[in-house]
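Student: Next one to model:
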Amino acid sequence: RKVAMHVAASNPLFLGEADIPADVVAAEKEVLMNQPGVSEKPANIVEKMVAGRLKKFVKQVTLLDQPFVMDDSQSVKDFVASHDGGSFAVSYFARFKVGEGIEKAGKSFAEEVAELQ
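Tutor: Purely as a prediction, here's the structure:
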């Protein structure tokens, strides 16, 4: 229940690091490489900076690596492992957003008012 509340609050995109598609990682790396001031630094420093920022990105978008909302001193993975003697694990998750997937008629406000009269 607490993990479900965490998913609702933090909106993770992936379960774990292994679930992130390579094209998403490549796109994020490209964004990081094109940030202002990065091109002026030596190549070895840039690689370390990008690696650190990619690690931070992974922690933000993966459920298991995110800091747990109710106790940010541990990750979600650590929280799950510490409950019920580690007898269960998170294998997938789904997040539903209110109103998501509902098709809305493309009427203008004026048309809606005209229908009421």
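Student: C-alpha only now, for contacts and for neighbours.
Tutor: Will do.
Student: chain center to the helix or strand of the chain with the lowest mean pLDDT, what's the gap?
Tutor: Across the helices and strands of the chain, mean pLDDT, DSSP states H and E gives its lowest value to helix 109-116, namely a mean of 81. The chain centre lies 40 Å from the centre of helix 109-116; the measure is C-alpha atoms, centre = their mean, to the nearest Å.
Student: Show me which positions of that helix end up buried.
Tutor: Within helix 109-116, no residue is scored as buried using 16 or more other C-alpha atoms under 10 Å.
Student: and what of stretch 10-29?
Tutor: 10-16, 28-29.
Student: which among those residues gets closest to residue 109?
Tutor: Nearest to residue 109 out of the buried residues of stretch 10-29 is residue 11 (C-alpha to C-alpha; 32.6 Å).
Student: Spit out the contact partners of that closest one.
Tutor: Residue 11 makes contacts with residue 95, as judged by C-alpha atoms under 8 Å, 6 or more residues apart in numbering.
Student: Can you pull the phi/psi pair for residue 75?
Tutor: Torsion angles at residue 75 (phi, psi; degrees, to the nearest 10) stand at phi -80, psi 170.
Student: let me fix that: residue 72
Tutor: Here is the backbone geometry of residue 72 (degrees, to the nearest 10): phi -70, psi 0.
Student: Burial check on it, number of neighbours?
Tutor: 11 (other C-alpha atoms under 10 Å).
Student: re the thing from before, how about the least confident helix or strand of the chain as PDB, C-alpha atoms only?
Tutor: C-alpha atoms of helix 109-116 as PDB (Å, rounded to 0.1, in the frame of the first residue of the first chain):
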ATOM      1  CA  PHE A 109     -17.600  26.800 -25.800                       C
ATOM      2  CA  ALA A 110     -19.900  28.800 -28.100                       C
ATOM      3  CA  GLU A 111     -21.300  25.500 -29.600                       C
ATOM      4  CA  GLU A 112     -21.900  24.100 -26.100                       C
ATOM      5  CA  VAL A 113     -23.900  27.200 -25.100                       C
ATOM      6  CA  ALA A 114     -25.900  27.100 -28.300                       C
ATOM      7  CA  GLU A 115     -26.900  23.500 -27.500                       C
ATOM      8  CA  LEU A 116     -28.200  24.600 -24.100                       C
END
